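Visitor: model this:
(one chain, ligands or ions: 1)
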Amino acid sequence: MKRLSVKCILAMFCLGFAFPALAQFDIKKAVGGATKAVQAATVTDAQVEAYVKEYIEWMDANNPVCDDASPYAIRLKKLVEGLDDADGIPLNFKVYYVTDVNAFACADGSVRIFSSLMDIMSDEELLGVIGHEMGHVAHRDSKRAFRTALLASALKDGVASAGGKAAKLTDSQLGELGEALVNARYSQKQEKEADDFGYEFLQNAGKNPWAMALSFRKLKQMQEEAGVEKSSKLNQLFSTHPDLDTRIKRMEERATADGIAMPE
Ligand SMILES: [Zn+2]
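Guide: Numbering: from 1, shown residues only. Presented below is the predicted three-dimensional model:
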């Protein structure tokens, strides 16, 4: 199984469930001082959208995407049937055949699930991850994070000088953008709202919203198994945050209150 290049590992930004413990700190670090904050206003939505498109095309071109005949792609396709858009943003799904346990969503509605995440999660659990990711897309968290990353990277100079239209990025610029995306994490509030969105989204699509709590439980189990191995990749990606128990409880209580039975 192919491993993502270092550049691509760094490029993952939602990390399935983002890790809000450091979110505020990281965003401050990524955005920097007042000068950059002022420049944020100078990047148009159209520019951000053009860069998002360029970025996800580059990611797809530089990662092993499972073709339609792959068991992973077949499983995912079946799983996301009926999940067409998130608050009007059309969705598209692909599987990357990689060893990293991860998933992410881009502002344009592109959702990428890693095969190793699919290996360890049940269909219900995967749906929970997907529902949560959809929340970030629908709430435009992904777009805001991308904008933050764009301005935190050296690309901001190019953005400014391109005079309204997005410049074509080089590989190293896209890699740099990916690194900045790692720092542009979501806040606890955004995470909570993404959980709620995921819950309702799944329910409306005729899926069992218990998927939310079940995927968090699996995430917690993975954290515990990763244990004290601080250097393990899993622990870096799914770094412990005190919030997880609360999030599990919220989603369990909500499903219970709605009178929905937990899937087998
Ligand atoms: Zn998240």
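Visitor: CA atoms for contacts and neighbours, from now on please.
Guide: Fine.
Visitor: ends of stretch 133-149, how far apart?
Guide: This stretch, stretch 133-149, spans 18 Å end to end (C-alpha to C-alpha, to the nearest Å).
Visitor: One more: stretch 181-191?
Guide: One end of stretch 181-191 sits 16 Å from the other (C-alpha to C-alpha).
Visitor: for that stretch, which positions count as buried?
Guide: Under the neighbour-count criterion of 16 or more other C-alpha atoms under 10 Å, stretch 181-191 has Leu181, Val182, Asn183, Ala184, Arg185, Tyr186, Ser187, Gln188, Gln190, Glu191 buried.
Visitor: same question, stretch 57-74
Guide: For stretch 57-74, the neighbour count (16+ other C-alpha under 10 Å) marks Trp58, Met59, Asn63, Pro64, Val65, Cys66, Tyr72, Ala73 as buried.
Visitor: C-alpha coordinates for that stretch, CSV please?
Guide: The C-alpha trace of stretch 57-74 is given here as CSV (Å, rounded to 0.1, in the frame of the first residue of the first chain):
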residue,chain,number,x,y,z
GLU,A,57,-7.2,18.5,-8.2
TRP,A,58,-3.6,18.4,-7.1
MET,A,59,-4.3,16.2,-4.2
ASP,A,60,-6.2,13.7,-6.4
ALA,A,61,-3.4,13.7,-8.9
ASN,A,62,-0.8,13.1,-6.3
ASN,A,63,-2.5,10.4,-4.2
PRO,A,64,-3.5,6.9,-5.2
VAL,A,65,-7.3,7.2,-5.9
CYS,A,66,-9.2,3.9,-5.8
ASP,A,67,-10.9,3.3,-9.2
ASP,A,68,-14.6,2.5,-9.5
ALA,A,69,-13.9,-1.3,-9.5
SER,A,70,-12.1,-1.2,-6.2
PRO,A,71,-13.9,-2.8,-3.2
TYR,A,72,-13.3,0.4,-1.3
ALA,A,73,-14.9,2.6,-4.0
ILE,A,74,-17.8,0.2,-4.3
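Visitor: chain center to it, what's the gap?
Guide: 17 Å (C-alpha atoms, centre = their mean, to the nearest Å).
Visitor: avg pLDDT for it?
Guide: In this model, stretch 57-74 has an average pLDDT of 95.
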